[in-house]
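**Student:** I need the structure of the sequence given here:
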Amino acid sequence: MTKNFSPYYCNETFVDIVLPEDRIVTDETGEWFIIGYAGVDGITFRAGIHENDSTIYAFYPLQQEYVKVADSADDLIAKWKDNQVHL
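**Tutor:** Numbering: from 1, shown residues only. Predicted coordinates for the structure are as follows:
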């Protein structure tokens, strides 16, 4: 893996918002890193594998839809802590 993410476990929701590096995997397409979980409806947080893109998306598996939620993993953590991530 070429991207570095700082892990964040939310004690209030008991969910890994950003996983430790050794638990981050690529999805079945090989185009996305699965970096964490929202804790609801199977929604995962994902980052593209391309080095120059730090954008984080929520992936909704039922709809097969990606929605931008943050500019970076650090931004996702900050928004999560401030209750600014609406799924």
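**Student:** tell me the contacts of residue 32?
**Tutor:** 26, 46-49, 57, 59 (Cβ atoms under 8 Å, 6 or more residues apart in numbering). To be clear about C-beta, it is placed using only N, CA and C from the backbone, and glycine gets the same treatment.
**Student:** any chance of TSV for these, columns secondary structure?
**Tutor:** Below are these laid out as TSV (DSSP: H, G, I helix; E, B strand; the rest coil):
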residue	secondary structure
26	strand
46	strand
47	strand
48	strand
49	coil
57	strand
59	strand
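**Student:** pLDDT check: weakest of those?
**Tutor:** Of all these, residue 49 carries the smallest pLDDT score, 91.
**Student:** before we move on, the earlier item: out of the contacts of residue 32, which is most surrounded?
**Tutor:** residue 47 (23 neighbours; other Cβ atoms under 10 Å).
**Student:** pLDDT value on the closest residue to residue 39 other than its chain neighbours, please?
**Tutor:** Leaving aside its sequence neighbours, residue 39 sits nearest to residue 15 (Cβ to Cβ, 6 or more residues apart in numbering; 3.7 Å). Here, the pLDDT recorded for residue 15 equals 95.
**Student:** that older thread, need the contacts of residue 32 in TSV with distance to residue 68, can you?
**Tutor:** Output for the contacts of residue 32, formatted as TSV (distance: Cβ to Cβ, whole Å):
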residue	distance to residue 68
26	19
46	11
47	11
48	11
49	16
57	6
59	11
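**Student:** show the contacting residues for the most centrally placed residue in the chain.
**Tutor:** Residue closest to the average C-alpha location in the chain (Cα atoms, centre = their mean): residue 45, at 2.4 Å. By Cβ under 8 Å, 6+ apart, the residues touching residue 45 are 17-18, 34-38, 56-59, 69, 76.
**Student:** tell me what it is bridged to.
**Tutor:** For residue 45, the beta-bridge partners under DSSP bridges are residue 36, residue 58.
**Student:** distance from the chain centre to stretch 73-86, please.
**Tutor:** In terms of Cα atoms, centre = their mean, to the nearest Å, the centre of stretch 73-86 is set 11 Å apart from its chain centre.
**Student:** not counting its own residues, what contacts that stretch?
**Tutor:** Against stretch 73-86 from outside (Cβ under 8 Å, 6+ apart): 5-6, 8, 10, 17-18, 35-36, 38, 45, 47, 54, 56, 58, 69-70.
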